[in-house]
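# Sequence and predicted structure are below.
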Amino acid sequence: MAQIRLHLSAGKAEAARVFSSLEDEFEDDGFPLANIEIDEAQKIYEVSVYLDEDTADAGEVEQRFARRLETDGCGLRPQREVLPDIDWVAKSLEGLKPVRAGRFLIHGRHDRSAVRPNDIAIEIEAGQAFGTGHHGTTSGCLTMIEHLCAARAPANALDLGTGTGVLAIALARRARIPVLATDIDPVATRVARANARINGASRHIRFETAAGFHHRCFAERDPFDLIVANILARPLMRMAPDIRANLAAGGDVVLSGILATQRRAVLSAFRLAGLFHQRTLWRGEWVTLHLARSRTRS
Ligand SMILES: C[S@@+](CC[C@H](N)C(=O)[O-])C[C@H]1O[C@@H](n2cnc3c(N)ncnc32)[C@H](O)[C@@H]1O
């Protein structure tokens, strides 16, 4: 349904006074009001009231708006704009188009039709946890997982900081191996567990809430031949010795959540821990790193 916006522009103090007067006038009617700075340099503000085009008494509302301005608006004249009818649900989903990374297609429920025959499709709804595939760190990890799985199949993986569980699900679906997926945030662990169920990956993945490596599940499941951790540079650097200690001989590590400017510092911290750079993927300002226990593997 189209909306009508009645609006006027004024200086800061005048706009605040008009806005407060309109709040008094319309507070019982529930019409949305806004007072937004539209010109920072000249300190010009725009005060608006929004009403649906089919509001029964739209004409009367417009007259009340104009009357208020006559008394409290120093003769300011309102303007009227009809806003086009927008499908807000479709609009909000536009930013969440399916994401491809290697063979993986990460998509929401509304985009099941985008799945092609050879895709490994993972359905994730944007919600309470991080990891819809749209962020460069997640897509970097997915691409790196695809690359590693194609080169040498891992047998026992860890997804540290699982968020929505997207990387754990990708590993389970791609390599059909046991995955331990942990997160410091119990909400994320719950969301990830539900996502694994939706994506038919539950039987491969064990989810635990844990800060770093502080949980007995690591001792029960290590050593891992693939550790994926998309967290942030500083916590990753702190955890470098633990990551190394939980990695099997010949194992691989994929790290992300690292800004390009932090890449050298992260590589140094992990070199000190005995893990060596193999490859970097660049996604905008973010990098995803592949490290291994040997200097020489590709
Ligand atoms: C950037 S998100 C990554 C989510 C998902 N793995 C992805 O790639 O999209 C980082 C996740 O790590 C979790 N996290 C942060 N610090 C952690 C820690 N010390 N131990 C475990 N999880 C942690 C956060 O709660 C968050 O869910």
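Here it is on my side, so go on.
# CA only for contacts and neighbour counts going forward, please
OK.
# which residues of the stretch 51-200 of the chain fall in helices?
58-72, 88-94, 136-151, 166-175, 186-198 (DSSP state H, counting those that start in this stretch).
# how about these in JSON lines, adding distance to the ligand and mean pLDDT?
Shown next, in JSON lines, are these (distance: least, Cα to the nearest ligand atom, whole Å; pLDDT from 0 to 100):
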{"stretch": "helix 58-72", "distance to the ligand": "46", "mean pLDDT": "80"}
{"stretch": "helix 88-94", "distance to the ligand": "18", "mean pLDDT": "52"}
{"stretch": "helix 136-151", "distance to the ligand": "4", "mean pLDDT": "95"}
{"stretch": "helix 166-175", "distance to the ligand": "6", "mean pLDDT": "97"}
{"stretch": "helix 186-198", "distance to the ligand": "6", "mean pLDDT": "95"}
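# Go through stretch 33-45 and flag the buried ones.
Residues 33, 35, 37, 44-45 are the ones in stretch 33-45 that count as buried (16 or more other Cα atoms under 10 Å).
# and those residues as a markdown table, adding secondary structure and distance to the ligand?
Output for the buried residues of stretch 33-45, formatted as a markdown table (DSSP: H, G, I helix; E, B strand; the rest coil; distance: Cα to the nearest ligand atom, whole Å):
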| residue | secondary structure | distance to the ligand |
| --- | --- | --- |
| L33 | strand | 36 |
| N35 | strand | 35 |
| E37 | strand | 33 |
| I44 | strand | 39 |
| Y45 | strand | 37 |
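# sorry, back to before: closest one to D222 among the helices of the stretch 51-200 of the chain?
Nearest to D222, of all those, is helix 166-175, at 15.7 Å by Cα to Cα.
# Tell me what angle the closest one forms with helix 186-198.
Note on geometry: by axes from the mean of the first three to the mean of the last three Cα atoms, to 10 degrees, helix 166-175 and helix 186-198 are set 30 degrees apart in direction.
# Which other helices and strands does helix 166-175 contact?
strand 120-123, helix 136-151, strand 157-160, strand 179-183, helix 186-198, strand 205-209 (3 or more Cα pairs under 8 Å, 6 or more residues apart in numbering; DSSP states H and E).
# Comparing the helices of the stretch 51-200 of the chain, which comes out most buried?
Of the helices of the stretch 51-200 of the chain, the one with the most neighbours on average (mean count of other Cα atoms under 10 Å) is helix 166-175, at a mean of 25.
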